[in-house]
Structure formats: C-alpha cells, structure tokens
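**Q** Pasting a predicted model and its sequence here:
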Amino acid sequence: MRKVLCIGGGPAGLTAAVLLKRADPILEVEVRERNAPGATHGWGITFGEDLLDDLYRHDPESGRAIRDAAILWRDQVVRIGGCEPVHIGGKYGFSMGRAALLEVLVARAAELGVRLSWETPVDDPAGIGSEADLVIASDGAGSRIRGAGEYGTSVTTGRNRYIWLGTEKYLPRFTFAFEHTDAGWIWFYAYPSTGGTSTCIVECGPEVWQGLGLDGDVDAGIRRLEQIFAGPLDGAALLRPPGAVGGTGTAEPWLRFRHLRNETWVQDNVVLAGDAAHTTHFGIGSGTVLGVQDAVRLAESVRLFGADLPAALRDYDAVRRADVGRVQAQALRNMTWFEEVDRYLDTQDPIRFAYTLLDRRGDHPEAWRYQLHKATQVEALRKVRGGLTTLRRTARSVKRERAVQ
C-alpha cells in the first residue's frame, strides 16, 4: 500500500491518518476536508478511560496531549426543578472543546508528515476509490462517499427535538437538569468544556418544542431556554456552537436524532468510519469515542494483515461493526427512554428517578446498586465513595503510563 486518503478532518479521519502514518512513515497519507481549519460543529465532547487507553497503546504522544488538554469531571448530578440535587456516585470522565481536540490531532498529523488539504471538497464521490490504495470515508453522518456507494444504509429517526449549545456557566460536574413547563418537561445534559464554558444539549418532546414556541425564531428560542433553565444555569447565557459547518455555512439548530446503520462498512477499497458508518444517541456520549476507536481498529487490522489489504478491511468490517452494533443497541434504548421520560418524572421521587436515569440502558439491575445510590446522597459517604473512585482512576492512569515507557 502506497497511499491512504482520509475524506473528512474529524476525529475518525485524523486519528486514522495519525496511526497509519506512524506505523508506516513512508506511506503517503492525506486528509481532505471540505471546511476551513477550525470550522467544526457542536461545542464540546466527553470521553472516558477507554479512549485514552487506546490512544496510549497506539500513539502515546496524542494520548498525552489529549489528556493534558482535557478537563476531569468527577461525578454526576441530577437536578429536577427546585428539588435538592441528586448525586450519582462512582462516575467520572473527561471533556474538552471539540475544536481543541481537533487542534491536537491536526498538530500530531502535521508532525508525522500527513498532508492536510483544507477547503477541498470531493468532486467525484463515486470515483474516489481510484485516488488511493485505501480511502477512509469519515465525512460525517451525511457522507457523500457513502451515498455514492452500496452499503445497505438504514436510518431510524427519533421523536424528540434537541439543540447543541454552549453556556457561559462553568459546570464542574456532568449535570442533568429537568424543568417542568406549562407545555411539559424539558431537560439538558451539560458538562465542562474548555475556555471556562460548558456544553449544554437541550432536549424535549415535539409537543413541548412547539408549545414553548421553540419551532420559531432560533435566537428567541434560546432566550426562552435561558429563562427556563435560569436556576441550574444561575442565569448564565446559552451560546450557539462556534464555527461554520455544512454546505450552507451554518449548523442546523434543532434536530431529531438519526440512528444510522450500514449492512457493510466496506466497498472495494473504500471503508467507512465514524458517523459515516454509524451514529449513537448523544445521551450515551460515545460519538467521538467510537470514531476514534474505529480508526484504532482499522489501523490494527491493516498492521495485522500487512500487504493483504482486502483481508484487513474484511477483518475491520466484521469485528468493529459487531462491536459498534452492541453500543448502538444501547443507544437506541437510551433514545427511547428519553422519549418516554415523562412517565418516570411524573411517578418517581428524585432519588429513584436519578437511579432510573442511571439504569436507562439496563446495565444496573442489581438491588444493591440502588442501596449504594441511596447511600451516596449522604455527604460523608459520598466523599468516601469519591475517594475510592479517585484511587481507581489514579491507578489506571499510572498503569497506562507504565505500559508505554
């Protein structure tokens, strides 16, 4: 293999370029992105230890750079109207601005000698395979490369509406906030981002969206959201995502989630990665992580099968698609849970509701977990649990560093 072409300069495409170039420095690797440098959608991203473990194993330099740029959040809190906050213990993660993540990956790619072609759209999606030995289509959920091929694509559209915003309020914890209005329940997911801001994703059912007038002028709708969430945001402003993306130069504000699947990720020498291959509901926070891990698994398959590229792509398609399929099944359960959240909010006390929220994917069925959750609401016990979580996190970090020394 002499040349790899990555279409799309998001996390999946850039990570694939970095790993393949690092593994074979004489390989010609190009990332082709239709937007200008720094243009991105969304606000911030969140991830866990798995992403750092994968990066440290395959490119410690980018792993350390991402960890150094990331913010650690140590727990989760659920706020329901004016009720006392409910704490979800034992949970922690990392977050950072999406633009900051891309800056790290772009710098690493350039350092390794990857060719970065900005503001370069694909003229012939159907014929892109002729431009390189391996073409990685990482050009997003609306992938033109995928659209020009035969991948068995299917899309399930969710019912709820959501908007991806930022806020001037710095929230040190991952925060869920639910507010009841005259039109019904509306909520946000928020977590710290870079620059002293936070990412804030607002979601509600279509009847609430229309009943609150959020289907009209977007800026007026954002001001309405600031009023609704004045309590959990302490009156801070909500902000539109930075940068300009998409064919019209703007990001569509209110969306419905599109659950995208493909029967295969490979067609000849063209392979799908990231959102072009799959989407997962933002409620489980896996989009960026899955895209990076796609790149990791693809690089592993290429290294494992050497010169036999067709075998490498078959391996990647079979193994990675099965892994993601399990995550997508969880994501669908998560999406459905939020579409039915009213019945939990209307019938459960805040502590029970917070636990139901935690168990929305069905992975916390044991009775003792609920008892531990109740104990976590006691401040002294919460501090003990937090200390144990810190020890666990520190041990994993030390193990990760030792493994690459």
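**A** Noted; the coordinates are in hand.

**Q** Run a quick neighbour tally on Ala39.
**A** 19 (other C-beta atoms under 10 Å). The way it works is simple: take the backbone N, C-alpha and C, and place the C-beta from them, glycine included.

**Q** Ok, the one 4 residues further on next?
**A** Using other C-beta under 10 Å as the criterion, Trp43 is surrounded by 26 other residues.

**Q** cool, Arg159 as well?
**A** By other C-beta under 10 Å, the residues close to Arg159 number 14.

**Q** right, and it touches Glu207 too?
**A** No - using C-beta atoms under 8 Å as the test, Arg159 is too far from Glu207 to be in contact (10.0 Å).

**Q** how about the helices of the stretch 251-400 of the chain, start to end?
**A** 287-305, 309-339, 341-345, 350-358, 367-375, 379-403 (DSSP state H, counting those that start in this stretch).

**Q** nope, the stretch 51-200 of the chain is what I was after
**A** Counting by DSSP H, counting those that start in this stretch, the helices of the stretch 51-200 of the chain are 60-69, 98-112, 144-147.

**Q** quick one, which of these is nearest to Thr167?
**A** Among those, the nearest to Thr167 by C-beta to C-beta is helix 98-112 (15.2 Å).

**Q** ok, and the closest non-adjacent residue to the residue nearest in space to the middle of the chain?
**A** Nearest to the mean C-alpha position of the chain, counting by C-alpha atoms, centre = their mean, stands Gly287 at 3.2 Å. Excluding its sequence neighbours, the residue lying closest to Gly287 (C-beta to C-beta, 6 or more residues apart in numbering) is Thr280, at 5.9 Å.

**Q** check contacts around that neighbour.
**A** 259, 286-287, 290, 324, 327-328, 331 (C-beta atoms under 8 Å, 6 or more residues apart in numbering).

**Q** mind listing what's buried in stretch 103-118?
**A** By 16 or more other C-beta atoms under 10 Å, the buried positions in stretch 103-118 come out as 103-106, 108-109, 112, 114-116.

**Q** ok, back up a step: so the residue nearest to Gly287 versus Ala126, what's the distance?
**A** Taking C-beta to C-beta, to the nearest Å as the measure, Thr280 falls 28 Å from Ala126.

**Q** Count the neighbours of the closest residue to Leu72 other than its chain neighbours for me.
**A** Distances taken as C-beta to C-beta, 6+ apart place Phe94 nearest to Leu72, at 5.9 Å, with adjacent residues excluded. Phe94 has 20 neighbours, counted by other C-beta under 10 Å.

**Q** so Phe94 touches Phe47, yeah?
**A** Yes - the pair Phe94 and Phe47 qualifies as a contact (C-beta under 8 Å) at a distance of 5.5 Å.

**Q** Give me the common contacts of these two.
**A** Ala70.

**Q** could you dump the buried residues of stretch 103-118 to TSV with distance to Gly235?
**A** Output for these, formatted as TSV (distance: C-beta to C-beta, whole Å):
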residue	distance to Gly235
Glu103	31
Val104	33
Leu105	36
Val106	36
Arg108	40
Ala109	41
Leu112	46
Val114	45
Arg115	47
Leu116	42
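
**Q** Which of the residues you listed lies at the shortest distance from Ile66?
**A** The closest of the buried residues of stretch 103-118, once distances to Ile66 are taken by C-beta to C-beta, is Val104, at 5.4 Å.

**Q** May I have the predicted confidence score for the closest residue in space to the closest one that isn't next to it in sequence?
**A** Nearest non-adjacent residue to Val104, counting by C-beta to C-beta, 6+ apart: Ala65, 4.7 Å away. Note on Ala65: pLDDT of 97.

**Q** can you count the residues close to the nearest residue to Gly362 once chain neighbours are set aside?
**A** Nearest residue to Gly362 in three dimensions, chain neighbours excluded: Arg333, at 6.5 Å (C-beta to C-beta, 6+ apart). Neighbour count of Arg333, defined by other C-beta under 10 Å: 16.
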